[in-house]
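Novice: could you work out the structure for the sequence below:
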Amino acid sequence: MHNGKKAYNNLEFLNSRDARIVRILSEYLEPQARFKRHRIADTVVFFGSARAKPAEEAARALEQASAGDDADAIRRAELGVRLSGYYEDARELARRLTDWSKHLPSKKRRFIVCSGGGPGIMEAANRGASETAGLSIGLGISLPMEQSGNSWITHGLEFEFHYFFMRKFWFVYLAKALVVFPGGFGTFDELFELLTLVQTQKTAKTMPIVLYGRDYWQDVVRLDRLVEWGTISPGDVDLVHVSDDPDDAFDHLTGRLGELYLGEPTNNDDD
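Specialist: Predicted coordinates for the structure are as follows:
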């Protein structure tokens, strides 16, 4: 009799540098198995700030700040109220998209709302989907200073990744549309990586991209200036649709998804 462990039961080995490829493959194969089990064919991905709060919470914070004489605290609370409008719009848009997708004549679950699994806009998207009794996905990432796994994600569809690139793979691989709300470095990273893949045709599918929040995006991203400098082509600006209203975003997304994918087989065979 011996005391040796089977390699796949040896946690010391699995957590070692030598087993990194095994861990990477696990972050591909385990999500793939779960998506197959839930019959999820494709997603609509929501990106945006983790700092956005629900409107009621932001209003309370402003009321509390206004009771004092800290001008910086009042200004931050006022910005929080402004950002909370995007939380509520993301929640409403996710609810409407989920309700629409539930009534599609398909055996597979189509255009499931997917977020990064955290708070803020991510939470709003998962929350909106849950409010119409729909599925939603949370592709979380283990970070030292940020919550992962909001309470609105569907049971069995909450993921926590170690590798950013594997998390991004699953964002892109199943996505048929992208909605990007105001956000910070992480949101910009995700947006521009997706834009690069679409621009360079490294995705074999057409992916509608909505930039939600005209004032924000026109203030922080000047695509027209990139055209003037000659660093992108004029047609590249048309890769995105800028929206300020849940009705407009909903109509654009459902219209484009209907044109592109309804009645056609799902293609997830990108290289």
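Novice: for the chain, which helix is longest?
Specialist: In the chain, taking DSSP state H as the definition, the longest helix is helix 71-102.
Novice: following that helix, which helix or strand comes up?
Specialist: Using DSSP states H and E, the helix or strand that follows helix 71-102 in sequence is strand 112-115.
Novice: how far away from the center of its chain is the helix or strand just after that next one?
Specialist: Using DSSP H and E, the helix or strand that follows strand 112-115 towards the C-terminus is helix 121-130. Averaging C-alpha positions (Cα atoms, centre = their mean, to the nearest Å) puts helix 121-130 10 Å from its chain's average.
Novice: direction included, what does the helix or strand following helix 121-130 pair up with?
Specialist: On the C-terminal side of helix 121-130, the nearest following helix or strand under DSSP H and E is strand 136-141. Using DSSP bridges, strand 136-141 pairs in its sheet with strand 112-115 (parallel), strand 158-161 (parallel).
Novice: elements contacting the helix or strand bottoming out on mean pLDDT in the chain?
Specialist: Considering only helices and strands, the least confidently modelled element of the chain by mean pLDDT, DSSP states H and E is helix 11-14, at a mean of 92. Using 3 or more Cβ pairs under 8 Å, 6 or more residues apart in numbering; DSSP states H and E as the contact test, no helix or strand touches helix 11-14. C-beta: built from backbone N, CA, C; applies to glycine.
Novice: how far off centre is that helix?
Specialist: Offset of helix 11-14 from its chain centre (Cα atoms, centre = their mean): 32 Å.
Novice: kindly report the same for stretch 150-162.
Specialist: Counting by Cα atoms, centre = their mean, stretch 150-162 is centred 13 Å from the centre of its parent chain.
Novice: in it, what's buried?
Specialist: Burial within stretch 150-162, assessed by neighbour count using 16 or more other Cβ atoms under 10 Å, is assigned to 150, 152-154, 157-159, 161.
Novice: where does this protein have low pLDDT?
Specialist: Across the chain, the ranges flagged by pLDDT under 70 are 1-3, 146-148, 263-271.
Novice: tell me the angle the longest helix of the chain makes with strand 136-141.
Specialist: If you take axes from the mean of the first three to the mean of the last three Cα atoms, to 10 degrees, helix 71-102 sits at 130 degrees to strand 136-141.
Novice: in TSV, list the strands paired with strand 136-141 along with distance to Gly80.
Specialist: Conversion of the strands paired with strand 136-141 to TSV gives the following (distance: least, Cβ to Cβ, whole Å):
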stretch	distance to Gly80
strand 112-115	20
strand 158-161	26
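Novice: nearest to Gln32, of the ones you listed?
Specialist: strand 158-161 (11.1 Å; Cβ to Cβ).
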